[in-house]
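In: kindly return the folded structure for what I paste below:
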Amino acid sequence: MEQNKGLFLKLELIWWLFTLILVAGVLYPILSKVNSYPFLLINIVFIIVFVTFTRYVFLLKHTFIAKKQILKIVLMILCLPITLYLINGINFFQTYVDEQGVESVVGNLPFNQQESMMSYIRSLLIFFGVGGIVATVAFAIRLMVSVWKLKNRGEV
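Out: Got it, this is the predicted structure:
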């Protein structure tokens with residue numbers, strides 16, 4: 001059992017390292033060219049939630065929370081505010097671009113690079129934002145199923 005805990009910890013650390021590398025790789029083109037990026041925090045949250053919750057949806061039985069019923073119930077309850085936060089982040093992006101304009105984000109770039117950078121930013125935010133929302137809902141359902149199965153098997 002102790003060996004499994006060490007293995008779960010190593011796997012979790014590897015996945016977090018992968019997630020951090022993905023965050024850095026995806027955001028590097030933006031941060032290297034754009035002076036002031038107002039969506040940095042929400043973008044990082046989108047990517048982390050998307051990768052982590054998607055991983056947990058498919059690999060829940062191989063994680064440290066697989067048999068922890070109380071933790072799964074708490075995470076299931078937390079999925080609602082997380083989903084609302086992600087929706088609010090997408091709304092913030094759209095409202096900001098509508099009110100401030102594209103130039104406020106990529107205005108320091110040469111004109112021929114502005115459109116491609118804004119397209120990249122928009123695609124990145126929409127992909128990871130919507131993916132994070134879908135992953136959060138799927139994660140909550142997966143947690144509910146997991147709690148139900150463990151309870152009905154009598155393993156609790």
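
In: tell me where this structure has helices.
Out: 2-33, 40-59, 69-100, 103-106, 111-153 (DSSP state H).

In: mean neighbour count and mean pLDDT added to those helices, as JSON lines?
Out: All C-beta spots, glycine's among them, are computed from the backbone N, C-alpha and C. JSON lines is the format used below for these (neighbours: other C-beta atoms under 10 Å; pLDDT from 0 to 100):
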{"stretch": "helix 2-33", "mean neighbour count": "12", "mean pLDDT": "88"}
{"stretch": "helix 40-59", "mean neighbour count": "19", "mean pLDDT": "95"}
{"stretch": "helix 69-100", "mean neighbour count": "15", "mean pLDDT": "94"}
{"stretch": "helix 103-106", "mean neighbour count": "18", "mean pLDDT": "76"}
{"stretch": "helix 111-153", "mean neighbour count": "16", "mean pLDDT": "91"}
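
In: show me how far stretch 147-156 is from its chain's centre.
Out: Averaged C-alpha coordinates place stretch 147-156 at 28 Å from its chain's average position (C-alpha atoms, centre = their mean, to the nearest Å).

In: swap in stretch 138-146?
Out: Taking the mean C-alpha point of stretch 138-146 and that of its whole chain, the gap between them comes to 16 Å (C-alpha atoms, centre = their mean).

In: now do that stretch: everything it contacts.
Out: Contacting residues not belonging to stretch 138-146 are listed as 53-54, 56-57, 60, 66, 72-73, 75-76, 79-80 [C-beta atoms under 8 Å, 6 or more residues apart in numbering].
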